[in-house]
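Engineer: Next input, structure requested:
(2 chains)
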Amino acid sequence: MDGPVRVKTLKIDDRDVSGREDETILQVARQNGIFIPTLCFLEGLTPIGACRLCLVEVKGVSRLLPACVTRVEEGMEVYTQTERLQKYRRMVLELLFSERNHICSVCVVNGHCELQSMAQILGMTHVSVPYRFPRLPVDASHERFVVDHNRCILCTRCVRVCDEIEGAHTWDVMGRGIDCRVITDLNQPWGESETCTTCGKCVNVCPTGALFEKGRPVSERMKRRRFLPYLTMMREERR
Amino acid sequence: MTTDELRRMAENSTNGCSQKKHCLKVCVAAGCISAGSDRVLEALKSAIEERGLKDDCEVKGVGCLGLCTAGPLMVVEPEGVMYQGVTEADAPAIVKSLGEKPVERLLCPSDMSFFTKQVKIVLENSGEIDPESIEDYIARDGYVALARVLEEMTPQEVIDEITRSGLRGRGGAGYPTGLKWSTVAKAGGSRKFVICNADEGDPGAFMDRSVLESDPHRVLEGMAIAAYAVGATQGYLYVRAEYPLAVKRLRTAIRQAERMGLLGSNICNTTFSFHVDIRLGAGAFVCGEETALIASIEGKRGQPRPRPPYPAEYGLWGYPTLINNVETFANVPPIIRKGGDWFASIGTEKSKGTKVFALAGRVNNTGLIEVPMGITLREIIFDIGGGIPDGGKFKAVQTGGPSGGCVPEQYLDMPVDYESLAKVGSIMGSGGMIVMDETSCMVDVAKFFMDFCVTESCGKCVPCRVGTAQMYELLQRITSGRATLDDLALLEELCDMVKHTSLCGLGQTAPNPVLSTLQYFREEYLAHIVDKQCPAGVCSIR
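Structural biologist: Numbering: from 1, shown residues only, chains lettered A, B, ... in the order given. All right, here's what the predicted structure looks like:
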């Protein structure tokens, strides 16, 4: 299948853009400064299309398509900001906020949380569905890090970075549906995990305060993610 | 093994029954076994021995006889006398009556419309052959289609025949089978796979289980033909572990077929090889979704992934993969044997052939039925099903399980096919059919299915994981009389959102039971919310 890479021309929000055939709508949109909201997506990790924030409308397709995994096609007409999409995106956020105990005022990443800023950007002013207030544990058994399930949105970035980049596969998901939870090893306390290398990548990719480092003031709990594009680039160059 | 050899074998055995004067066929599918048919089988055997009739009589276990509600069932051949509700204690009386007047009190009228209105293609061997005997299957033209395909047809001709038949996927969505096959056949690559989806999980549905328990070879033959058509050499049967009997019989069937050279390497002495392995599902409904099923076979967590790429292009371990449902594969051998045109002559314009339904709920004759496409719901429920018990009044019929909807009385005369059911807000689904009468509360029904979706959601995408839980919460409020009209509006908004934003079919169809009951029985919702009453008296409103 090797050969010259084909370039497709398409329209995103009525703007003429072009992308390589192996690029996704999201990639092309970002290159052109068109904003499509995402939460589970992170450059450098395998996209999974799970948060549904990046859904876009494509003319002639009845279903909504996740921009993070949908390849560009010739002549595509993509709409990223229709009223319907904005309503659905706000509802996705409302559902996430109602799912667990997201109380920003007492959160360790208040001010630099992706869930919080996404709510601000998308204009989510209130949560119309009832809060579920589940009782969830906090695991502080690890010497350096803490996992607080109350703030987890199950984006599985930690699972993917640990598996795909660090190669340890300490994290995974257990349970089904609303009872899902991220776990370390076979649901052992993080501090007792035999596979964890304490690299901290999971903490840095976590979009919320679910994973954080001990002993830092809130104002310093910025997530450092520069390593991801760098590692991805290095990996691709070696191929 | 060639077609001639198979024919010769068939002539020599003819059901294994003709050599003896009487043949007693006892249903040994899961339904009748749980009612004690295995003990009846043993009791009949010893009663025959006691009377010294061993040379004249044969007792054999056969597949599902259909009328599960009256089990354990048995048939005495060649008279064709059918008995229902047989117990061990009845065995001596039945054996004594052989060749004389049948036992009156046990008689099951086999001329009732439950039996006469059915058209059997998929189930033609059910209740006729011993599911654990390949000789029985061969006696009923088994593996002839496979041998003929290998001897006389090119893969393209096989696909053309299936396309001509108009067969559509029996798993629920109704995707044209011929088109699916040709897509996989055209996909490039050194390896391809064929998967049989036997992860039947709808509440109240047992079509696939029954087919696998009654006629396992049929499914294997269908898979082998499909493998030849698309160019695959390895197949997987993904069966849920809750079907131990089906798994046991499949294992037996695979072993028997391999021993006779009808599966495995160099099938029928040709260059074609096809190996089948069984993979057990751990009872997750979502694993019926093809991408989740593939992940599960690969040993990963059973979660769907966004499509495209479709499995036909990028499936098991990244190779092109054909996935069809049990019933779809079971339709293949007769289509090859009798021709695509024959199959296309049955059914409606867009839905060909027959469909197996598991008839359950408030209906007199519950059980497994096979009817031609285009039959009306009224015929199914009132003629075949025998109507509503205890003089009840029909209210709705639920088709398609948690992905389907409730069809009310005004559509009883609608033909049953993919398009008609979709038009009224339900789906054909895999074949579950639950009849409801006035004693069912439609809000409660919707809540039941939503509860199912909450527990079966895999948790990957947000709308399905949280949305279904929130919808369940709102339905709970309604059935307990705590809801307001705002809650109803919110429920409708959530239905719309979950339907259009979920990742896979489970989430996209999860709101259907709510949507269809809201469409046809809105007044029941309002009765709960405004009048704080449950018209059917099911919900306890304080």
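Engineer: Going by C-alpha atoms from here, please, whenever you check contacts or count neighbours.
Structural biologist: Will do.
Engineer: who's in contact with B:Val103?
Structural biologist: Contact partners of B:Val103, counting by Cα atoms under 8 Å, 6 or more residues apart in numbering or on different chains, are B:Ala93, B:Ile94, B:Ser97.
Engineer: Of these, keep whichever come out buried.
Structural biologist: For the contacts of B:Val103, a burial check counting by 16 or more other Cα atoms under 10 Å in any protein chain shown picks out B:Ile94.
Engineer: How about the residues of chain A by chain B?
Structural biologist: A:48-52, A:55, A:63-64, A:69-70, A:88, A:91-92, A:95-96, A:99, A:129-130, A:154, A:176-180 (Cα under 8 Å from any Cα of the partner chain).
Engineer: Which members of those residues occur in strands, if any?
Structural biologist: Among the residues of chain A next to chain B, the residues falling in strands (DSSP state E) are A:Leu55.
Engineer: Not counting sequence-adjacent ones, nearest residue to the residue in chain A positioned nearest to chain B?
Structural biologist: Nearest residue of chain A to chain B, counting by Cα to the nearest Cα: A:Gly177, 3.7 Å away. Nearest non-adjacent residue to A:Gly177, counting by Cα to Cα, 6 or more residues apart in numbering or on different chains: B:Gly459, 3.7 Å away.
Engineer: State the number of residues packed around that neighbour.
Structural biologist: Neighbour count for B:Gly459, taken as other Cα atoms under 10 Å in any protein chain shown: 24.
Engineer: one step back: closest to B:Ser296 out of the contacts of B:Val103?
Structural biologist: B:Ile94 (48.0 Å; Cα to Cα).
Engineer: secondary structure element for the closest one?
Structural biologist: helix B:91-97 (DSSP states H and E).
Engineer: before we move on, back to that, rebuild the contacts of B:Val103 as CSV, extending it with pLDDT and distance to B:Ala284.
Structural biologist: Listed next are these as CSV, based on pLDDT from 0 to 100; distance: Cα to Cα, whole Å:
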residue, pLDDT, distance to B:Ala284
B:Ala93, 91, 45
B:Ile94, 92, 43
B:Ser97, 89, 48
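Engineer: which one of the contacts of B:Val103 sits closest to chain A?
Structural biologist: B:Ile94 (51.0 Å).
Engineer: and the closest residue to B:Tyr319 other than its chain neighbours, what is it in contact with?
Structural biologist: Nearest-residue entry for B:Tyr319: B:Lys192, 5.7 Å, with adjacent residues in sequence omitted and distances by Cα to Cα, 6+ apart. B:Lys192 sits next to B:Val230, B:Gly231, B:Ala232, B:Thr233, B:Gln234, B:Tyr319, B:Pro320, B:Thr321 when contact means Cα under 8 Å, 6+ apart.
Engineer: any idea how far B:Lys192 lies from B:Lys186?
Structural biologist: 11 Å (Cα to Cα, to the nearest Å).
Engineer: Confirm for me that B:Ile434 is in contact with B:Gly204.
Structural biologist: Yes. Contact status for B:Ile434 versus B:Gly204: in contact at 7.2 Å, counting by Cα atoms under 8 Å.
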